[in-house]
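Trainee: how would this look folded up:
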Amino acid sequence: MRLSPIRYLLIAAMVVSPAVVWVAGGDSIKARLTGTPSPAPAVSTSGAGQAGGAPQISILGSGDILVHPPTWQQAHTDAVENSRSGYDFDPIFESIRPVVSSADLAICQLEAPMGPGPPADFPHFRAPTDLGPAIKKAGYDTCSTASNHALDQGEQGVYDSLDALDAAGLRHTGTARNQTEQATPVIYQVKGVKIGHLSYAMHFNGNKPPPGKAWIANRIDVAAIKKAAAATRKAGAQIIVLSAHWGTERVHTPDAEQQFWAKQLIADPNIDLIIGHHAHVVQPFQKINGKWIAYGVGNTLARHDFPVDANREGVIAKFTFTQQPDKRWVVTRVEAIPIWLSLKPTIRVLDIAAVLHRLPTADRRRDIYLGAQRRIVGYLDQRGAIRAGLIVKL
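Mentor: Residues are numbered from 1 along each chain as shown. Down below sits the predicted model:
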């Protein structure tokens, strides 16, 4: 898709105390640390990008999109101001559109279903169908739909949401309209590369699938995931991404269940990358035996009843895969782009670095955004991600 020049900062974790992280800018710091300059990102307009002759492709994933009343009220206000009917979510995502659109494949996490009728709040969410086109316009290509809220609106709610995604031109996996759809491997053809996608959730908030229709939403089961991954590989996928809706809400460290599942799943030869969500806060990235797990990328859009810094923070995770001489695809670059949900004067998802770049030095909001960046870096690096190669955009 579209690539634009972006300045990245390499974070070097210094062993001084667990709370201390040193930040320095640009390729110059990497040169000082490693003795070699950072390679420039590859740009390609047809076929996978090239890195020294090796094909490359980028895959991006972000966190929960969960529409609460203040958010749909904001979207309605924006629609009125823009002389549109219904709800206009486009301005909410405008700041992150360049980053999302920069990836060859961008995956959203649609936590609650969309459907006709008035929007609905907790405990049984329903988002307006106008959300779908806004997700597409923001640069996303597909959405994972398995989540604890997948069954909030029952069987028909699943069907309505998938129809809304189809209407918006978005692919999807994680919920299904029939057993055949659920069993058919989801593979995206991106610049000549076949990318498989799996989506599973740890539970459905006590909601149960209709009798005989367990296929309607994917629940985490290690054996079932491995079987699906093997079928996806057999169907031709060269790269397979697992979207995992898991973890303990509001907790920055992976819980025992996450770690148990992650260890087994990342060791499977048919799973190349795991991108997690559900906790509504940022959790660490970790590299295990050459493969990456993003335990939790926080929220993309979720204006909780009790907003605090932690649930207003998130990251957009971007992974660049490079094809090896043996034809395997391996992650060779990992980036995290910190984001922040601004609540006043309007609800907006912000690319923090992009906003800071144009914000006057004296603007008091700088301290808020810089504080969010520092916290996010700390959460991401709990398991040595920076030493393993994670680059954070600051």
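Trainee: Point me to the helix or strand that includes residue 257.
Mentor: Under the criterion of DSSP states H and E, residue 257 resides in helix 256-266.
Trainee: Sorry, wrong one. I was asking about residue 61.
Mentor: For residue 61, the enclosing helix or strand under DSSP H and E is strand 54-66.
Trainee: and that strand, which strands flank it?
Mentor: Listed by DSSP bridges, the sheet partners of strand 54-66 and their directions read strand 49-51 (antiparallel), strand 105-110 (parallel), strand 299-302 (parallel), strand 313-323 (antiparallel).
Trainee: Switch these over to JSON lines; also include mean neighbour count and mean pLDDT.
Mentor: Using the backbone N, CA and C atoms, a C-beta is placed for each residue, glycine as well. Supplementary listing: the strands paired with strand 54-66 in JSON lines, determined by neighbours: other C-beta atoms under 10 Å; pLDDT from 0 to 100:
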{"stretch": "strand 49-51", "mean neighbour count": "17", "mean pLDDT": "70"}
{"stretch": "strand 105-110", "mean neighbour count": "27", "mean pLDDT": "98"}
{"stretch": "strand 299-302", "mean neighbour count": "28", "mean pLDDT": "97"}
{"stretch": "strand 313-323", "mean neighbour count": "25", "mean pLDDT": "98"}
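Trainee: Just send those back as TSV, with distance to residue 228 too.
Mentor: Output for the strands paired with strand 54-66, formatted as TSV (distance: least, C-beta to C-beta, whole Å):
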stretch	distance to residue 228
strand 49-51	28
strand 105-110	17
strand 299-302	25
strand 313-323	20
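Trainee: Quick one, which of the ones you listed gets closest to residue 385.
Mentor: With C-beta to C-beta as the measure, strand 313-323 is the member of these nearest residue 385 (10.6 Å).
Trainee: Helix or strand for residue 279, just tell me which one.
Mentor: Short version: residue 279 belongs to no helix or strand, going by DSSP H and E.
Trainee: got a list of what it touches?
Mentor: By C-beta atoms under 8 Å, 6 or more residues apart in numbering, residue 279 lies in contact with 247-252, 296, 298.
Trainee: for residue 331, same thing?
Mentor: Contacts were defined as C-beta under 8 Å, 6+ apart; by that measure residue 331 touches 272-273, 291-292, 319-321.
Trainee: repeat for residue 275
Mentor: Neighbour list for residue 275: 61, 107, 241-244, 294, 297, 317 [criterion: C-beta under 8 Å, 6+ apart].
Trainee: Excluding residues flanking it in the chain, which one is nearest it?
Mentor: With C-beta to C-beta, 6 or more residues apart in numbering as the measure, residue 61 is the residue that lies nearest to residue 275, at 3.8 Å, once sequence neighbours are left out.
Trainee: Quick one: neighbours of that neighbour, just the number.
Mentor: If you count neighbours by other C-beta atoms under 10 Å, residue 61 ends up with 29.
Trainee: just residue 362 next, same as before
Mentor: The local packing count at residue 362 equals 6, with neighbours defined by other C-beta under 10 Å.
Trainee: With residue 219 instead?
Mentor: Residue crowding around residue 219 was assessed by other C-beta under 10 Å; the count is 16.
Trainee: ok, it to residue 123 distance?
Mentor: Summarising the geometry, the distance separating residue 219 from residue 123, computed by C-beta to C-beta, to the nearest Å, is 19 Å.
Trainee: Contact partners for the residue nearest to the spatial centre of the chain?
Mentor: The residue lying closest to the centre of the chain (C-alpha atoms, centre = their mean) is residue 62, at 1.6 Å. Taking C-beta under 8 Å, 6+ apart as the criterion, residue 62 is in contact with 96, 100, 106-109, 297, 300, 314-317, 339.
Trainee: rerun that using 10 Å as the cut-off
Mentor: Residues in contact with residue 62, defined by C-beta atoms under 10 Å, 6 or more residues apart in numbering, are 96, 99-100, 106-109, 138, 140, 275, 277, 294, 297-301, 314-318, 337, 339, 349.
Trainee: pLDDT value on residue 23, please?
Mentor: The predicted structure scores residue 23 at 31 on the pLDDT scale.
Trainee: let me fix that: residue 262
Mentor: Reading off the per-residue confidence, residue 262 sits at a pLDDT of 98.
Trainee: For it, grab the count of nearby residues.
Mentor: With neighbours defined by other C-beta under 10 Å, the count for residue 262 comes to 20.
Trainee: tell me the phi and psi of the nearest residue to it once chain neighbours are set aside?
Mentor: Excluding the flanking residues, the one nearest residue 262 by C-beta to C-beta, 6+ apart is residue 293, at 5.3 Å. Backbone geometry at residue 293, expressed as degrees, to the nearest 10, gives phi -120, psi 130.
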